[in-house]
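below are the sequence and a predicted model for it; my questions follow.
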Amino acid sequence: MYLKVVLDTNVLVSALNFGGKPRAIMAYAHGRTTKRFDLFLSPFILNELSRTLSGEKFLWSAPKIERAAQLLVKWGDVVSTKKSISAISPERDDSDNRILECAVKAQADLIVSGDSDLLDLKEYEGIKIMTPAQFLKILEK
């Protein structure tokens, strides 16, 4: 049985733009190496990814964003969330709560994030929260 994993948007952005550990993790999601986990996404994560990639920092074109989103959807499962979670103060970053909602809906084993607000939780409703480096160590065992 594979681990059920939600990758935070910041991990997806890093994988697509910078490589390194996030890109190595993505290789394990789609079987380019050996598939080691099941990836879960939500419409919110895909929309946030699109907004981030099209913004001033990355300037991705709409067709390039669409191709990336199609690959992610092909490699993962998209879950629609209905339950609202407010574990992290909306004043801090309400989008982090959307990541938690996706993980709860997917009954995920863990969330991989570079976000300090999520990482500070360490765990939410039995779902472990760890950095890309920590998760990659698990995958490479």
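Right, received. Where do you want to start?

what is the burial count for residue 132?
When neighbours are counted by other Cβ atoms under 10 Å, residue 132 registers 22. Bear in mind the C-beta positions are built from the backbone N, C-alpha and C, glycine included.

pretty sure it sits against residue 13.
No: using Cβ atoms under 8 Å, residue 132 makes no contact with residue 13, being 11.7 Å away.

can you get me a residue count around residue 30?
What residue 30 shows, counting by other Cβ under 10 Å, is a neighbour count of 14.

mind pulling up the pLDDT for the closest residue to it other than its chain neighbours?
Closest residue to residue 30 apart from its sequence neighbours, by Cβ to Cβ, 6 or more residues apart in numbering: residue 75 at 4.0 Å. Per-residue pLDDT puts residue 75 at 92.

what's the answer for residue 1, then?
Residue 1 is given a pLDDT of 54.

what's the answer for residue 11, then?
On the pLDDT scale, residue 11 is placed at 98.

residue 111 is in contact with that one, correct?
No: using Cβ under 8 Å, residue 11 is not in contact with residue 111, being 9.3 Å away.

neighbour count: those two, which is higher?
More crowded of residue 11 and residue 111, by other Cβ under 10 Å: residue 111, with 28 against 24.

on the three-state scheme, the more buried one is what?
Three-state secondary structure (criterion: DSSP: H, G, I helix; E, B strand; the rest coil) places residue 111 in strand.

show me the beta-bridge partners of it.
Taking DSSP bridges as the rule, residue 111 bridges to residue 6, residue 129.

how much space separates it from residue 97?
12 Å (Cβ to Cβ, to the nearest Å).

also residue 21?
25 Å.

kindly report the same for residue 140.
Distance from residue 140 to residue 97, by Cβ to Cβ: 31 Å.

ok, now residue 60?
26 Å.

picking that back up, enumerate every residue touching the residue nearest to residue 30.
26, 29, 30, 39 (Cβ atoms under 8 Å, 6 or more residues apart in numbering).

for the nearest residue to residue 39 once chain neighbours are set aside, which residues are in contact?
Nearest residue to residue 39, sequence neighbours excluded (Cβ to Cβ, 6+ apart): residue 76, at 3.4 Å. Residue 76 makes contact with 29, 38, 39, 40, 41, according to Cβ under 8 Å, 6+ apart.
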